[in-house]
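Asker: The sequence and its predicted three-dimensional model are supplied below.
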Amino acid sequence: MAEDTAKSTRTTDEIDLIAVSGPDGFQKARVSIETPASIGRSKECAIILNESSVSREHASIYRQEGKYFIRDMESRAGIAVNMMFLEKGDLQQIYDRDLLTVGPWKILVRLGHESSEKTDAETVDVPDGSMDAATSAEAESEAPSDEASKADEPGKSGTRADSLYATRASIFIRLRADGSLDRELGWQEFTEKYARVIAGFARNAGLRAQDADDVLQDVLLGFFRVSDQFEYDPDRGRFRGYLKRVTLNAIRARHRRKRPSTFLKEDYDPPGEMPDVDAAWDRQWTEQLLQRAMTEARGGVEERTWKAFELYGVRGVPVEQVATELEMTPAAIRHAKMRLVKQVREIVDRLRVEEG
């Protein structure tokens, strides 16, 4: 049975399902999975999604031996886990922060005891030697105009010339939790990995495209200015949570600059299409992990095999149509999909361990 997520603390026998896109008919719910919880159009389902593309009983979620699973209940339109469709009637293990696609809805999954989220969402620590990237960028943005004009000159340092961060050697040292890996993260790599997350989150916060781009620059330049001293220590908080905090601060700083007399609180959450700020951030984070995982997986397979996976596994094109188009057997297409789904999942799990 579903209930409002604000009523109680989630237990291991409950899950939160939060719509991060889709019609207003469903937004979020907490569901007991002591017995299998159904998702579908029927009024008897634990999660009711009243839309024609959703089957009466579309999917079922349950917990078994400490693991969480979702099963496709022979639905017409299918269900995707992390953008990859299940076979009709099949089940798949799901993890915290996975994304489900059911009809027009994209739904974020939260699993396990709720207290496990606090480090990321509320108590993430800012490592010693760092500073608030948004505050740094805001202070720099208030510099006199003549200083800003000097920044355009070769060899000068300032808000304009700070685009040189793209050629800077590194931003910080990244360590595994057990200290087994010392690594410098290059600026280009940092931008490729996280720019989409930062800008997408800002747009979902209601910022215009130009303002979202400015927030992205604030965050990147803020990191750039402290890169010589900044050292990320995963024992003091996940990087995912740290970057979210810095991005939120950049958005708040931009609101303060536009409306300085409002005296916004430090924990002010921006307006826009994000009733659940943590869910909005986790959606952006999970989607960028999936894109990176698929890019990595694609490098190791033949083009036709990847095309089969993309059409059948990601876009949901009927297997017979894919077989005709690519001159492959349905069995070969299903095998390619199964192998690549497993590979993408393994890459995502590795990235989550490394980056939080």
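Answerer: Received it, and whenever you're ready, just let me know what you need.

Asker: all contacts plus neighbour counts: C-alpha atoms, from now on.
Answerer: Noted.

Asker: Identify the bridge partners of Ala80.
Answerer: Listed beta-bridge partners, Ala80: Phe85, Thr101 (assigned using DSSP bridges).

Asker: Kindly apply the preceding question to Arg71 instead.
Answerer: Ser60, Leu91.

Asker: wait, it sits on Leu91?
Answerer: Yes. Contact criterion C-alpha atoms under 8 Å: Arg71 and Leu91 qualify, at 4.0 Å.

Asker: who has more neighbours, these two?
Answerer: Arg71 (22 against 16; other C-alpha atoms under 10 Å).

Asker: Please give me every residue in contact with that one.
Answerer: Going by C-alpha atoms under 8 Å, 6 or more residues apart in numbering, Arg71 touches Ala59, Ser60, Ile61, Gly89, Asp90, Leu91, Gln92.

Asker: repeat that for 10 Å
Answerer: 36, 38, 58-62, 79, 86-93 (C-alpha atoms under 10 Å, 6 or more residues apart in numbering).

Asker: for Leu49, same thing?
Answerer: 23, 25-26, 39-43, 55-58, 102-105.

Asker: Map the structural domains onto the sequence of the protein.
Answerer: 2-112, 118-283, 299-355 (automatic domain parsing).

Asker: Out of the contacts of Arg71, flag the one nearest to Arg252.
Answerer: Ile79 (36.8 Å; C-alpha to C-alpha).

Asker: since we're on the closest one, how many residues are nearby?
Answerer: Neighbours of Ile79 (other C-alpha under 10 Å): 26.

Asker: With the one 10 residues further on instead?
Answerer: Other residues near Gly89 come to 12 when the count uses other C-alpha under 10 Å.

Asker: if I look at it, how far off is Gln210?
Answerer: 45 Å (C-alpha to C-alpha, to the nearest Å).

Asker: ok so, going back, ok, of the domains of the chain, where does mean pLDDT dip lowest?
Answerer: With a mean of 60, domain 118-283 has the lowest mean pLDDT of these.

Asker: could you pull out the helices for the stretch 251-356 of the chain?
Answerer: Using DSSP state H, counting those that start in this stretch, the helices of the stretch 251-356 of the chain run over 277-298, 303-308, 319-326, 330-355.

Asker: Among the ones you listed, show me which one is buried the most.
Answerer: helix 277-298 (a mean of 19; mean count of other C-alpha atoms under 10 Å).

Asker: Just the CA atoms of that one, as PDB, please.
Answerer: This file holds the C-alpha atoms of helix 277-298, laid out as PDB (Å, rounded to 0.1, in the frame of the first residue of the first chain):
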ATOM      1  CA  VAL A 277      15.600  18.600  -4.700                       C
ATOM      2  CA  ASP A 278      17.500  15.400  -3.800                       C
ATOM      3  CA  ALA A 279      15.500  13.400  -6.300                       C
ATOM      4  CA  ALA A 280      16.100  16.000  -9.000                       C
ATOM      5  CA  TRP A 281      19.800  15.800  -8.400                       C
ATOM      6  CA  ASP A 282      19.900  12.000  -8.200                       C
ATOM      7  CA  ARG A 283      18.100  11.800 -11.500                       C
ATOM      8  CA  GLN A 284      20.700  14.000 -13.200                       C
ATOM      9  CA  TRP A 285      23.500  12.100 -11.500                       C
ATOM     10  CA  THR A 286      22.200   8.600 -12.500                       C
ATOM     11  CA  GLU A 287      21.500   9.700 -16.100                       C
ATOM     12  CA  GLN A 288      25.100  10.900 -16.500                       C
ATOM     13  CA  LEU A 289      26.400   7.700 -15.000                       C
ATOM     14  CA  LEU A 290      24.300   5.700 -17.500                       C
ATOM     15  CA  GLN A 291      25.500   7.800 -20.400                       C
ATOM     16  CA  ARG A 292      29.100   7.300 -19.400                       C
ATOM     17  CA  ALA A 293      28.600   3.600 -18.800                       C
ATOM     18  CA  MET A 294      27.000   3.100 -22.200                       C
ATOM     19  CA  THR A 295      29.800   5.000 -23.900                       C
ATOM     20  CA  GLU A 296      32.400   2.800 -22.200                       C
ATOM     21  CA  ALA A 297      30.400  -0.400 -23.100                       C
ATOM     22  CA  ARG A 298      30.000   0.600 -26.700                       C
END
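
Asker: now it and helix 330-355, what's the angle there?
Answerer: 120 degrees (axes from the mean of the first three to the mean of the last three C-alpha atoms, to 10 degrees).
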